[in-house]
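A.B. asks: Give the three-dimensional model of this entry:
(one chain, ligands or ions: 2)
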Amino acid sequence: MDKRIEISERDLEEALTYPVDAFICPEYARAEQELLWPKIWQMAGREEDLPEVGSFFTYNIADESIIILRSAPETLKAFYNVCPHRGRQLINTPDDCNQVRGRKPNFVCGFHGWSYDLDGQNCFVLDPEDWKGALNAERTCLSELKVDTWGGWIYINMDPDCEPLRDFLEPAAGILDHFQFEKMRYKWRQWSVYPCNWKTAIEAFMEPYHVTGTHSQLLKYGEYYAYSKAFGMHSVSGFDERDSSRKNSQSTSVTRAGSGSDPRISTYELIRENYETLNYSAGTDTLVAAASRLADELPEGTPADQVIAHMMASAKADDAERGIIWPEIPPEVMAEAGLAWTLFPNQTILQGVTFALCYRTRPYGDDPNKCIFESYALERYPEGEEPTTEWVQAEPTAEKWGAVLAQDFSNMEWVQRGMKSRGFRGTLPNPHQERKITNFHRVLSQYMGRGHLSHLE
Ligand code: FES
Ligand SMILES: [Fe+2]
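C.D. replies: Ligands and ions are numbered 1, 2, ... in the order given. All right, here's what the predicted structure looks like:
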């Protein structure tokens, strides 16, 4: 029996390796289009992208294109973006655009004028009598696929026999429900075509093991050590302690105390630096303002856990005053939710009580060396004060994305190149801190039927 396919979630604690074909091999990229993408629920966008009946957006995945629309106030539909007549895309989706968005009462094909209503039914064929009765509703309607929502995100699935979305997302969804992402709205959203595989890109945001080497400016707030854990197909990372006697003394999430000699000061500096160098995403103005008052509001010598509790209570009160009621998240859920999630295969969420920093990466056609990289911030706003945002194409620089993202960009391209070296003896992922990555390859290999993990000999 092939021992490689016996790898279970439990085996991820051991020293494992996975092959790099998945990142660099053109044939593997083409196989994903048959074995992976048509078989899974994938996040296509946010409900706020479809505010009115007739609102639509396109979602492209590899060489496939899908139109998602609001056909009635409470109904979303998803159709393949192709006219049943002779196959023209109904909505042109050029390579230099990550999403086409708009509003239409119906969809008219640009080639011969066949038209479709919001339920995908054909409502116009030019000269239908020429077919002598061979055309019927089944032949002329758009091809529909499954669509569902969770947390304000819209997911599609091309497999007509797929499991329900909720089953696919569990057990992650049961934990993340507490954050009420459906009540958050885009703060900003950016994208770029980036020169690496979509997996090389998403993996750069899965593991905090790289923080010491890549984001060394953050070490002034204390050592950076993280666990990484599988939740079925999905996985999470969170702050950990090398010294096990200190476990549970700190938050596992991004909103945590600084570890300087005066935690009132270092917490403010940490919260502010995270916020500013992550393009105003991993925090909120309210949290930074509450952190800035810590030294005035608390006596010297206040221990770190009380500093963080005070900051959270005062930010919660400030938000309540402007109409944002925080969700009540039990401490054990908060601890389990950790720092950041990867929902298989390409959605990541770094969450706080009132915000989230998210990434998604997608293949760029069938080119294994390129991807569409997207990042966006979500935040809870008082009703009516949500900003209006659009996807902005942005060069991968510190100016456009913040210093931390620029540091991540400065690795991804070179990982893609390095993995092709005949001098590379194979991956050596950290069994504790990079388990999100091995879990990702464990699940991916199940879909792909190749690229299995194996034990280090
Ligand atoms: S291809 Fe669409 S009407 Fe002919
Ligand atoms: Fe990073």
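A.B. asks: contacts, neighbours, all on C-alpha from now
C.D. replies: Noted.
A.B. asks: Determine the three-state secondary structure at residue 191.
C.D. replies: Assigned with DSSP: H, G, I helix; E, B strand; the rest coil, residue 191 falls in the strand class.
A.B. asks: Report the contact partners of the residue lying closest to it once chain neighbours are set aside.
C.D. replies: Leaving aside its chain neighbours, residue 191 sits nearest to residue 374 (4.2 Å; criterion: Cα to Cα, 6 or more residues apart in numbering). Taking Cα atoms under 8 Å, 6 or more residues apart in numbering, we find residue 374 in contact with 189-192, 359-361.
A.B. asks: Could you dump the residues you listed into TSV and include neighbour count, pLDDT and distance to residue 256?
C.D. replies: Shown next, in TSV, are the contacts of residue 374 (neighbours: other Cα atoms under 10 Å; pLDDT from 0 to 100; distance: Cα to Cα, whole Å):
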residue	neighbour count	pLDDT	distance to residue 256
189	18	97	25
190	21	97	27
191	22	98	29
192	19	97	31
359	22	98	22
360	23	98	25
361	26	98	28
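A.B. asks: Pretty sure residue 196 sits against residue 418.
C.D. replies: No. With contact defined as Cα atoms under 8 Å, residue 196 does not count as touching residue 418 (11.0 Å).
A.B. asks: out of those two, which sits in the busier spot?
C.D. replies: Neighbours were counted for residue 196 and for residue 418 using other Cα atoms under 10 Å; residue 196 has more, 26 against 12.
A.B. asks: Pull the contacting residues for that one.
C.D. replies: The neighbourhood of residue 196, defined by Cα under 8 Å, 6+ apart, consists of 368-371, 412-413, 416.
A.B. asks: Check what pLDDT the residue nearest to residue 191 gets.
C.D. replies: The model reports residue 374 with a pLDDT of 98.
A.B. asks: Describe which strands the strand or helix carrying it pairs with in its sheet and in which direction.
C.D. replies: Taking DSSP states H and E as the definition, residue 374 sits inside strand 367-380. Sheet pairing here is set by DSSP bridges, and for strand 367-380 it gives strand 184-194 (antiparallel), strand 355-364 (antiparallel).
A.B. asks: chain center to the longest one: distance?
C.D. replies: Meaning strand 184-194. Chain-centre distance of strand 184-194: 11 Å, with Cα atoms, centre = their mean, to the nearest Å.
A.B. asks: Quick one: mean pLDDT for stretch 232-239?
C.D. replies: 94.
A.B. asks: returning to that earlier point: CSV please, covering the strands paired with strand 367-380 and showing distance to ligand 1.
C.D. replies: Listed next are the strands paired with strand 367-380 as CSV, based on distance: least, Cα to the nearest ligand atom, whole Å:
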stretch, distance to ligand 1
strand 184-194, 29
strand 355-364, 25
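A.B. asks: And those: which comes nearest residue 385?
C.D. replies: When the strands paired with strand 367-380 are compared by Cα to Cα, strand 184-194 sits nearest residue 385, at 10.1 Å.
A.B. asks: the residue most distant from the middle of the chain, which is it?
C.D. replies: Going by Cα atoms, centre = their mean, the residue of the chain most distant from its centre is residue 132, 49.6 Å out.
A.B. asks: Strands of the stretch 351-457 of the chain, residue ranges please.
C.D. replies: Secondary structure of the stretch 351-457 of the chain by DSSP state E, counting those that start in this stretch: the strands cover 355-364, 367-380, 392-393, 454-455.
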